[in-house]
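> Just the structure for this:
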Amino acid sequence: MFATDGCTDACGWLAATLSCLAFGSFAVPIKGKAARSVDVDPLVFQSYKTFMCFMTSWFILLIPDRTLQITDNSDFGDDDGKEDANYYYQSYHHHRHMYNISFTPWGIVSGIFWVPAGVAAIYAVKHAGLAVSQGLWSSCIVLVSFTWGIFIFGENVRNVVNACLAIACMMIGLWGMSYYSHQHHYPQREEILGEDNSEKETFQNEYNHDCRDEGAVHLVDHPNLESKAGTHSQEALDHETDRIQINGLYSKVETKVHEDHDDKKSFSLVAYPISQRALGLLAAIFNGIWGGSIMAPMHFAPDDAKGLGYTISFAIGASIVTLSLWIIRYTYCLYLANFHFIQAYKSLPSLHLATMWLPGGIAGMLWSIGNISSMVSVQQLGVGVGYALTQASMLVSGLWGIFYFHEIKGLVVRIKWMLAAVITLFGILVLSYEHK
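This is a model prediction of the structure:
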């Protein structure tokens with residue numbers, strides 16, 4: 001057993017705080033210029049996270065194993081007993097840095113929950129945006145993990161109703177922070193059109209060109225303009241042109257803010273078309289619901305494989321699942337390539353090692369620190385409280401967005417974000433009080 005066996009709830013709260021800091025910061029290296037210069041496949045980025053999770057998991061072997069703690073030889077009674085005590089005492093000091101690895105197959109189950117959810121999370125961020133996606137999955141994870149802990153595992157709280165209200169406050173606060181992290185900026189009419197007709201004409205030509213590319217109705221062919229051309233003055237005609245231009249540009253600005261060019265690309269899902277942005281939102285929900293059960297299997301693991309002892313089992317399980325997904329991906333490529341092995345291999349997504357090794361490695365390291373800390377938090381506080389608390393990491397990511405990336409602009413929007421953060425913190429405080 002590890003040194004955490006003697007920890008109190010304070011260890012769990014400290015671990016949850018460290019987990020929030022790490023989970024809230026792991027995406028920062030990925031938002032750098034180098035990482036954004038390449039198009040990283042979701043499975044590739046998940047592989048970076050899995051690799052760092054596997055490599056860092058072995059560092060727990062450096063933590064002293066304190067299963068045997070003998071401090072007083074008198075407990076052994078006679079002289080023969082004292083000799084035995086001296087033997088075990090010396091053996092403890094000799095082997096205190098040695099830990100017998102205890103693997104449990106439940107780590108593979110956790111890997112089945114984590115790896116597909118992680119891939120879905122990356123897809124969601126790519127097609128629906130970080131703020132909205134993280135708000136969705138964090139809220140879902142809080143709800144799912146709380147359900148596992150309180151209603152399925154029967155973890156103790158002072159009052160279930162108050163605990164549920166605390167979870168509701170956390171979900172509302174998380175969603176509020178997500179919403180106010182993703183505010184639109186619409187330029188004023190003067191910023192769009194300018195004062196002279198040459199700017200209007202230039203904008204009209206650019207807008208018509210975009211419309212041709214997107215298969216939309218041309219501005220010059222707009223029915224409102226045609227109907228008014230013979231009866232209205234040139235001033236009225238220009239006013240109508242301005243109105244349509246503004247509406248069109250607002251739509252274009254919103255498309256850029258949402259990174260919503262993928263909306264033009266749709267898929268058929270059960271005979272209904274669905275945009276890639278909608279698929280991204282569904283991926284975020286899937287990550288929250290499926291990924292919210294990551295720590296549930298640890299409940300069934302043996303006592304010597306819980307907490308930090310679960311780290312290696314989790315890492316091995318995640319590696320097995322990630323490798324399996326690559327095999328499935330290659331098999332699919334092989335099928336598309338008519339079973340040409342080399343062509344199928346070349347069609348696999350690039351790892352972008354030259355660009356991604358540093359930001360991917362740092363991001364994976366931070367995520368692994370958050371994951372290991374969450375295991376300690378769950379061991380000490382339970383799934384319902386311990387893992388739900390780690391989703392307050394959005395507080396940290398939001399602060400990165402405000403003070404480092406300057407993503408949340410405007411005093412009013414920042415105040416609203418802070419109010420949502422206060423609601424989240426209130427939920428955390430109530431939940432901490434209800435835990436026993």
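> For the rest of this, base every contact and every neighbour count on C-alpha atoms.
Noted.
> in the stretch 201-350 of the chain, which spans are helices?
Applying DSSP state H, counting those that start in this stretch to the stretch 201-350 of the chain gives helices spanning 223-229, 234-258, 276-291, 311-336, 341-346.
> For the nearest residue to P302 once chain neighbours are set aside, grab the count of nearby residues.
In space, and not counting its chain neighbours, P302 is closest to T104: 7.6 Å by C-alpha to C-alpha, 6 or more residues apart in numbering. When neighbours are counted by other C-alpha atoms under 10 Å, T104 registers 22.
> H340 now?
12.
> wait, what's in contact with it?
Contacts here follow C-alpha atoms under 8 Å, 6 or more residues apart in numbering; on that basis H340 touches L334.
> That one and I372: what is the separation?
41 Å (C-alpha to C-alpha, to the nearest Å).
> Repeat that for N287.
Distance from N287 to I372, by C-alpha to C-alpha: 19 Å.
> And Y433, what's its pLDDT?
Per-residue confidence (pLDDT) for Y433: 81.
> no no, H352
91.
> quick one: which of N287 and I372 has more around it?
Counted by other C-alpha under 10 Å, N287 and I372 do not tie: N287 has more neighbours, with 30 against 25.
> For the nearest residue to the more buried one once chain neighbours are set aside, what are phi and psi?
Closest residue to N287 apart from its sequence neighbours, by C-alpha to C-alpha, 6+ apart: A117 at 4.3 Å. Backbone torsions of A117, given as degrees, to the nearest 10, read phi -60, psi -40.
> who touches A117 in this structure?
286-288, 290-291.
> Can you list the buried residues in the longest helix anywhere in the chain?
For the chain, the longest helix by residue count, based on DSSP state H, is helix 353-381. When burial is assessed from 16 or more other C-alpha atoms under 10 Å, helix 353-381 yields the following buried residues: 356, 359-381.
> Which elements pack onto it?
The helices and strands touching helix 353-381, judged by 3 or more C-alpha pairs under 8 Å, 6 or more residues apart in numbering; DSSP states H and E, are helix 9-25, helix 33-36, helix 42-57.
> contacting residues around the second one?
Outside of helix 33-36, the residues within contact range by C-alpha under 8 Å, 6+ apart are 29-30, 355-356, 359.
> Any chance of JSON lines for these, columns distance to A128?
As requested, the contacts of helix 33-36 are exported to JSON lines (distance: C-alpha to C-alpha, whole Å):
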{"residue": "P29", "distance to A128": "19"}
{"residue": "I30", "distance to A128": "16"}
{"residue": "T355", "distance to A128": "24"}
{"residue": "M356", "distance to A128": "22"}
{"residue": "P359", "distance to A128": "22"}
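> right, and out of these, which lies closest to I63?
P359 (27.5 Å; C-alpha to C-alpha).
> Please name the nearest non-neighbouring residue to the closest one.
P29 (4.9 Å).
> Name the helix or strand of the protein that has the lowest mean pLDDT.
helix 189-193 (a mean of 41; mean pLDDT, DSSP states H and E).
> What's the mean pLDDT across stretch 166-173?
91.
> what does that stretch rub up against?
So stretch 166-173 is contacted by 138-139, 142-143, 146, 420-428, 430-431 (C-alpha under 8 Å, 6+ apart).
> Over to stretch 379-393?
By C-alpha under 8 Å, 6+ apart, stretch 379-393 touches 7-9, 11-13, 16-17, 19-24, 138-139, 141-143, 145-150, 155, 174, 295-296, 306-307, 374, 377-378, 424, 428, 431-432, 435.
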